[in-house]
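Chemist: I would like to see how this sequence folds:
(one chain, ligands or ions: 1)
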Amino acid sequence: MDRDTALAGLKPHIRDYAEPTDVLVETTTRCNLDCSMCPHGGLEREQGSMSRETWTHVVTQIAREWPKTRVWPAIMGEPLLRGRELFEMIDEAKTVGVASVCLNTNLLGLATDRMDDLLACGVDRIFVGVDAASAQTYERIRRGGDFAQLQERLRLLLDARQRRRRGPRIALQFVVQEENEHEEAAFVESWKSAGYDVELKIRPRVGWSYGVESAAEVRRTASVADRIPCLWLLRQMAVFWNGDVPRCDADYEGNEIFGNVRETSLTEIWRKLGVLRRRHLGGDFSMSPCAGCDDWAAGRSETIECRAAASCSGSAERESVAS
Ligand code: SF4
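Modeler: Numbering: from 1, shown residues only. A predicted model of the protein is given here:
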């Protein structure tokens, strides 16, 4: 993808948002994997799990103040490690009126007999990290993971979803990076013919600002394109497990905190973040860590729709929001 095409998908979304389109909420920093594209293994800030009280506080405000905003219950960490409690938390979010809950997961933390519980908890969309078409590549990227276990759980989940004949929507995610780009086509082809209603989401690896190296296509775009305001900043808010709010989830250590949701309302913290949004919109990217971050150029996100009744046909709906 050339730079103009990559950024063309982002530019229509550039404006100052009165409220975030998405709030990422760190339900836990615990994780069962040590993925090569994630800085979790070197995380230095204090780790923990969000209290139910803080979760209730956050989702209640979002439902009341920002009725169209989506909630993603993960930043660092694997949310399914909270077990049944996570299902209760998602159910609570939907019950109080959150528009949509989108779960990013590696799925390995879910027992094989709990698929129906996950599907029934109220979650609207589930994104499962796959990133490979072979065990060798999967286990090289998703260190500590077992490809056979993932495949078993995926099929159980998709079979259970097929039996329900209704939501949630499920997407299999492939984060393109040097280690797996040779398997992107095989990944798509294998799921095209698998016989499930499922989406395939393909996007390049981001760098988490100062965390890991971003994919070559992101670095290439960032090096040659005129810089644009960062949509991660313009559209999203991140809430760490302890209630702290950084500028974006790419500041995963929380080097600059704009408030804590236990002391300050989400609306007030969003207003404070507006100073940064306006600097970006004015063409000022000189602040740290934005100055050295390429993630603003991570524009590509393609969705391929697969249908159980026929082979995959849809393709390449480019969007700017991902997680
Ligand atoms: S440029 Fe990087 S550090 Fe700055 S807001 Fe965007 S993702 Fe965060």
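Chemist: now do the strands in the stretch 1-150 of the chain.
Modeler: Secondary structure of the stretch 1-150 of the chain (DSSP state E, counting those that start in this stretch): strands at 22-25, 34-35, 70-72, 100-105, 125-129, 142-143.
Chemist: any chance you could map the strands in the stretch 201-323 of the chain?
Modeler: 236-239, 244-246, 257-260, 302-306.
Chemist: ok, which of the strands of the stretch 1-150 of the chain comes nearest the ligand?
Modeler: Ranking the strands of the stretch 1-150 of the chain by proximity to the ligand (C-beta to the nearest ligand atom) places strand 22-25 first, at 12.0 Å. Glycine gets a C-beta too; all of them are placed from N, C-alpha and C.
Chemist: any idea of the mean pLDDT in that closest one?
Modeler: In this model, strand 22-25 has a mean pLDDT of 98.
Chemist: list the neighbouring strands of it plus their orientation.
Modeler: Its sheet considered, strand 22-25 pairs with strand 70-72 (parallel), strand 236-239 (parallel) by DSSP bridges.
Chemist: want to try TSV for these, with mean pLDDT, distance to residue 159 and mean neighbour count as columns?
Modeler: Formatted as TSV, these follow (pLDDT from 0 to 100; distance: least, C-beta to C-beta, whole Å; neighbours: other C-beta atoms under 10 Å):
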stretch	mean pLDDT	distance to residue 159	mean neighbour count
strand 70-72	98	25	24
strand 236-239	98	33	26
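Chemist: so which of those gets nearest residue 172?
Modeler: Closest to residue 172 of the strands paired with strand 22-25 is strand 70-72 (C-beta to C-beta; 16.9 Å).
Chemist: sorry, back to before: let me have the strands of the stretch 201-323 of the chain in TSV, extended by distance to residue 91.
Modeler: What follows is the strands of the stretch 201-323 of the chain, written out as TSV (distance: least, C-beta to C-beta, whole Å):
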stretch	distance to residue 91
strand 236-239	19
strand 244-246	25
strand 257-260	26
strand 302-306	27
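Chemist: so which of those strands comes closest to residue 185?
Modeler: Nearest of the strands of the stretch 201-323 of the chain to residue 185, taken as C-beta to C-beta: strand 302-306 at 11.5 Å.
Chemist: in its sheet, which strands sit next to that closest one, and in what direction?
Modeler: Its sheet considered, strand 302-306 pairs with strand 198-204 (antiparallel) by DSSP bridges.
Chemist: and stretch 16-35, how far from the chain's centre?
Modeler: Its chain's C-alpha centre and that of stretch 16-35 lie 7 Å apart, by C-alpha atoms, centre = their mean, to the nearest Å.
Chemist: please identify the buried residues of that stretch?
Modeler: By neighbour count on 16 or more other C-beta atoms under 10 Å, the buried set for stretch 16-35 is 17, 19-31, 33, 35.
Chemist: could you do stretch 192-203 as well?
Modeler: Those would be 192, 194, 196, 198, 199, 200, 201, 202, 203, for stretch 192-203 by 16+ other C-beta under 10 Å.
Chemist: want to try a markdown table for the residues you listed, with pLDDT and distance to the ligand as columns?
Modeler: Putting the buried residues of stretch 192-203 into a markdown table (pLDDT from 0 to 100; distance: C-beta to the nearest ligand atom, whole Å) gives the following:
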| residue | pLDDT | distance to the ligand |
| --- | --- | --- |
| 192 | 91 | 32 |
| 194 | 93 | 34 |
| 196 | 94 | 33 |
| 198 | 95 | 29 |
| 199 | 96 | 24 |
| 200 | 97 | 24 |
| 201 | 96 | 19 |
| 202 | 95 | 20 |
| 203 | 93 | 14 |
